[in-house]
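need coordinates for the below:
(one chain, ligands or ions: 1)
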Amino acid sequence: MGKLRVDYLKDRDEAVEGVASGASLRSVMASFPTGVTVVAARSNGGEPIGLTVNSFTSVSLEPPLVLVCIGHGSNSHDAIIEAGGFAISVLSAAQEAVAIRFAKRPSESRFDDVDWGEAPSGHPVINGASAWLDCTIHEVIEAGDHSILLGLTHACGGGSDPALVFHQGVMTSTEG
Ligand SMILES: Cc1cc2nc3c(=O)[nH]c(=O)nc-3n(C[C@H](O)[C@H](O)[C@H](O)COP(=O)(O)O)c2cc1C
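Alright, predicted model coming up:
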């Protein structure tokens, strides 16, 4: 058992001399199915801002922390941090068009003609989402070309609607 462990570490040390390319990491991560969310905030100027995010996960139950990773190149990056909080809408299976809109449309017109309401904090929630969380920013951790936003969850809710799933670059549903 001990020998196997030593061999494993030796292989690992050789493997970590280089780093994988961003392209190969992206390609491998595409095989990891995720849900799809819209992370949105009311900017300090009052306008709704938001983007499609699949780097969402729960972190801690006590206190209730979640995280999302926002790229430094994202137009919403600074505005969400300055807003001090955000709402997360977990998109339902019927909301693929919303996911595409919040990834591709110019930021200024993303909320046009979208049915949205407000979390208790006032941050935007997409109506018809299968779940939502209302967070204040607990901590921002710089990590490579993204910032990890740790969100302290103040309120959340959800239903039993099938969720949107992102896998191998394709959006499907938990219903199959
Ligand atoms: C399925 C999917 C998941 C995405 N996840 C993230 C993510 O976790 N973090 C991120 O910064 N961008 C993510 N993006 C890309 C942003 O949605 C996209 O770059 C968007 O245009 C950024 O908007 P902004 O520049 O107005 O902030 C994702 C896009 C798609 C389609």
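
helix or strand with the lowest mean pLDDT in the protein?
Counting by mean pLDDT, DSSP states H and E, the chain has its least confident helix or strand at helix 2-15, which shows a mean of 56.

quick one: secondary structure of Leu152?
With DSSP: H, G, I helix; E, B strand; the rest coil as the basis, the three-state label of Leu152 is strand.

show me what it bridges to in the sheet.
Leu65, Thr136 (DSSP bridges).

re the thing from before, check which element follows the least confident helix or strand of the chain along the chain.
Past helix 2-15, heading to the C-terminal end, the next element that is a helix or strand (DSSP states H and E) is helix 22-29.

can that following helix be found next to the ligand?
No. When contact is scored as C-beta under 6 Å from any ligand atom, no part of helix 22-29 falls within range of the ligand; the minimum is 10.5 Å. All C-beta atoms are positioned from the backbone trio N, CA, C, and that covers glycine.

got the contact list for that helix?
Under the contact criterion C-beta atoms under 8 Å, 6 or more residues apart in numbering, helix 22-29 has outside partners Ala20.

need the contact partners of the next helix or strand after that helix.
Heading C-terminal from helix 22-29, the first helix or strand you meet, by DSSP H and E, is strand 34-35. Where contact means C-beta under 8 Å, 6+ apart, the residues beyond strand 34-35 that reach it are 54-56, 90-91, 163-167.

parallel or antiparallel, list what pairs with strand 34-35.
Checking strand 34-35 against DSSP bridges gives partners strand 164-167 (antiparallel).

list the buried ones in the partner strand?
164-166 (16 or more other C-beta atoms under 10 Å).

of those, which ones also sit close to the ligand?
The residues of the buried residues of strand 164-167 that also fall near the ligand, by C-beta under 6 Å from any ligand atom, are Phe166.

which one of the buried residues of strand 164-167 is nearest to Gly117?
Closest to Gly117 out of the buried residues of strand 164-167 is Leu164 (18.8 Å), distances taken as C-beta to C-beta.

what is that closest one paired to in the beta sheet?
Ser173.

my guess is it meets Thr52, correct?
No. Leu164 lies out of contact with Thr52 (C-beta atoms under 8 Å); the separation is 10.1 Å.

shared neighbours of the two, anything?
Counting by C-beta under 8 Å, 6+ apart, the residues touching both Leu164 and Thr52 are 36, 99.
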